[in-house]
Structures are given as C-alpha cells and as structure tokens.
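**Student:** Structural data only, the sequence is not supplied:
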C-alpha cells in the first residue's frame, strides 16, 4: 500500500446525534433537489451518471483526464454500451456537467468515488487514487455532504483510511457533520441484461445516519438497495463475490489441465455437468483472467488478512493456478507447431484474436492477451492482433511494449498468412467460420469453434 493514514479511533457512531437534519437531506434526494457528483468517469462512473440523470437528478462528473472531459462536453461517449446521443442529451439539458474543476465538489450534495484501486508491483493494494481523491474532497467538504466510496478495496478502508483523511483535514465528524458510506460497484461491461439501474446495490454506512442517507439516495435511481451493518461488511461483500469467481475459475482451469492429460474435453464435461438442476454452477476455463475484479480484488483480502496473522490459502492457490493459464496455452501452441509443422515459435507468425479482457467490450484492463503476447514475444514470435473493439492498444501501466499496436483487418488473406491463430477473447462479431476455413492452425482457448465440423486444424487449449 502506497499511502498511510493514522486511523480514527473506533467510536460508537450509533450514540452520536447528527448535527445536521438527516431527514431534510433525505427529502432532498426524494424530491430530486439534491445534486450528485461522481468522481472517475470510467466503466463504473459514467454508467452511474447515466442512471442518476435518467431519474431526474443533476449530476456533476469529475475526471482528471482532459480528453474524457472534452469528449463528454461534446456529447461523445467512449464506452461501448453507452450511446453518445444519451450523453449528449444529458449534457444539452444541463442534467450532466463533466468537469476537471474539483472545486465544484463544494456544490454537490453527494460525492461518489469511482476511482481505480490497482495492485503495486509487489501485489499489494495501491491506494494512491483513493487517498489523493479523498484529500481533494477534503478541500471543499462541508456539513451535510454524503461521501460514498464505490471502489473495490479491503474491509476497513472507508473507516481506517477515508474517514481519518476527511476528519483530520476539516475538523468535521463523520456521522455528525458529514456522512460516509461504502457501496461496491457491480458493473459487468458488455452485459446487456444487467446494467447499473437494475443491479441490486449493497450499501454500508459509517453509522446509521450515513446508511439511511446513502440508501435513500440510491433508492431514487436504482431498482434495489441491500443494507448491511457497516461499511466494512459492504467492502467484504464485494471481495467475497469476486473471490468466489476467482476460486471457481481456478478450479475449472486446473481440471482443464488434468482432463487434457487424460484426453478428456473439459468443455464437454462442463456442458454435461450443468444439466444437474441442483448443487452445481458452471464456470468456464480460459487463457487467463482479465479485468479488475478477478485478477486483482482477491489480493486485497490476502493483504489485509496478514494483519490478523491469517493465511488465505484458497485465494493464493487460485491466483497461482490462474496465473499459469497463459503459459499453458502458449506451450500448447508451441507443441502443436512443432508436432504438425516442425516449426518453432521463433519467427512464427501468430495472429491473436481479441485484446479485450472479455467478449464484446473494448476494456483491456489486465487482459490475458497481454501476458500471452509477452510470452510469445520472449520466444521471438512475429505478433499481430485483431480486435473489433480495440483499434489501437492504448498506454497501459504494465505493458508499454504494445502501446500503439494496431489491429489488423481480419480477412482470409491475413488469416492464411499466419502460422497460427489464437482465440483469446471470444467476441461475437468475428467470422469464426472464415477463420476455421483459412487458418493453418487455430488454438481455441474459448471453445468458440465447437460447432465446426472439420476440426483438422483446430486445437483446444
């Protein structure tokens, strides 16, 4: 963790009467008279702004990226499932004001923090964004404001990190002068069925007044809120959801390796197993994990558990298994090239299908494609990629070598020119039949070509 703040001493917030009229503040949200600020206009913050504006609130969106602010002011969206005409309409009607002027935090009644919480090089929580954003909020914090952290983090962050910064910088007291809560984001980019407004929202407050106010606010523009006893509990809920997925994905990834050695198709096993109407939930293997939730979030609990001298063996083992998957698929590629064509990876032309971390989105955060390509690069393969959602690889924290790499057209000629095609991300709008017809070799890590009859050039990995 990169920032240290002296935590506030535990106190009984239940016993402290609010110095401001909480019922009056609740009424402001119910009457749509409150203005809501959202800090961080990415895959969490921008959909949240849309949900807020759709229900008649005025929203102020804050971001440090000037390009984002300029695009939003011009009514342009940079997130695939949010249409520009929707953003443009909110901006035109003055329902949504994008800005990089953080002094305007003083004019909003609620501040929702949707900032990144990455890991550092030692796989420990990097709370720089949360700390710096909280310090910025403290500069204008006034009595009666509600502050909600939505960024995924370790249990205790709101109470031990955010609250002390706000209180020490302002002299105001949480639960008395201002109100503090945690409500984890539950975004699933690219999921058309579940969007922000319909996903139940877990809310935990720093005391009952904060919980009441935060729940009242979210109730106005989300379908359902789920109150829990504390911010710590709400933080734990989010980690539990993601750890559940990480462990189960690791399990099927391990089974994939075992069954592969036995000549058994893990995909066929899963399809048959999921016909059981009870006691089983299908998870699917892949070339590695991507996004923020699964590769990163579980290690927030691993880090925090050390404070209590507790080892998180399941979490760490799941991480080890999932981290090995890119190497497994690269090794499968190398073995197949050698067995079938007597060719090594050195100098081999490899076409990667999919740079995004999941299908049908442009989000490249922690994408396993980067790890696969780094492994191939070390073995001196000649790399190219195609992704219908990623035209050019943007700058990233960990994979600078691929910045500016351009997606190649997916044509029979580009496919045939490759020694092998690797399906890493299974976007729906790709002509897989054409790929199967023209590729010398396809390494299918997503079982996307399961329906292809002629499988002489298809290898699952």
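**Tutor:** Received the coordinates, thanks. Please read all numbers here as calculations on a predicted model, not as lab measurements.
**Student:** how much space between residue 262 and residue 430?
**Tutor:** According to Cβ to Cβ, to the nearest Å, residue 262 and residue 430 sit 31 Å apart. Any C-beta I mention is one placed from the backbone N, CA and C, and that applies to glycine too.
**Student:** The closest residue to residue 410 other than its chain neighbours: neighbour count?
**Tutor:** Leaving aside its sequence neighbours, residue 410 sits nearest to residue 386 (Cβ to Cβ, 6 or more residues apart in numbering; 4.5 Å). Residue crowding around residue 386 was assessed by other Cβ atoms under 10 Å; the count is 21.
**Student:** Where does residue 202 fall, secondary structure wise?
**Tutor:** Using DSSP states H and E, residue 202 sits in strand 201-205.
**Student:** which element follows that strand toward the C-terminus?
**Tutor:** With elements assigned by DSSP H and E, the helix or strand that comes after strand 201-205 is helix 208-219.
**Student:** Output the contacting helices and strands for that next one.
**Tutor:** With contacts defined as 3 or more Cβ pairs under 8 Å, 6 or more residues apart in numbering; DSSP states H and E, the packing partners of helix 208-219 are helix 22-30, strand 146-149, strand 179-182, strand 201-205, strand 225-227.
**Student:** got the angle between the strand holding residue 202 and helix 208-219?
**Tutor:** Here the directions of strand 201-205 and helix 208-219 differ by 160 degrees (axes from the mean of the first three to the mean of the last three Cα atoms, to 10 degrees).
**Student:** mind listing what strand 201-205 pairs with, with the direction of each?
**Tutor:** Strand 201-205 sits in its sheet next to strand 179-182 (antiparallel), strand 225-227 (parallel), going by DSSP bridges.
**Student:** most neighbours per residue, which of these?
**Tutor:** Counting by mean count of other Cβ atoms under 10 Å, strand 179-182 has the highest mean neighbour count of the strands paired with strand 201-205, with a mean of 29.
**Student:** that older thread, output the strands paired with strand 201-205 in JSON lines; the columns should cover distance to residue 90 and mean pLDDT.
**Tutor:** Shown next, in JSON lines, are those (distance: least, Cβ to Cβ, whole Å; pLDDT from 0 to 100):
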{"stretch": "strand 179-182", "distance to residue 90": "25", "mean pLDDT": "98"}
{"stretch": "strand 225-227", "distance to residue 90": "23", "mean pLDDT": "98"}
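**Student:** Tell me which of these sits nearest to residue 303.
**Tutor:** Proximity to residue 303, assessed across those by Cβ to Cβ, is greatest for strand 179-182 (17.5 Å).
**Student:** what comes into contact with that closest one?
**Tutor:** 22, 25, 145-150, 157-158, 162-163, 166, 174, 203-207, 209-211, 213-214, 231, 234-235 (Cβ atoms under 8 Å, 6 or more residues apart in numbering).
**Student:** rerun that using 6 Å as the cut-off
**Tutor:** By Cβ atoms under 6 Å, 6 or more residues apart in numbering, the residues outside strand 179-182 that reach it are 146-149, 158, 163, 174, 204-206, 210, 213-214, 231, 234-235.
**Student:** Check stretch 50-66 too.
**Tutor:** With Cβ under 6 Å, 6+ apart as the test, stretch 50-66 has contacts from 32, 35-39, 41, 49, 69, 90, 95-98, 102, 104, 108, 196-197, 220-221.
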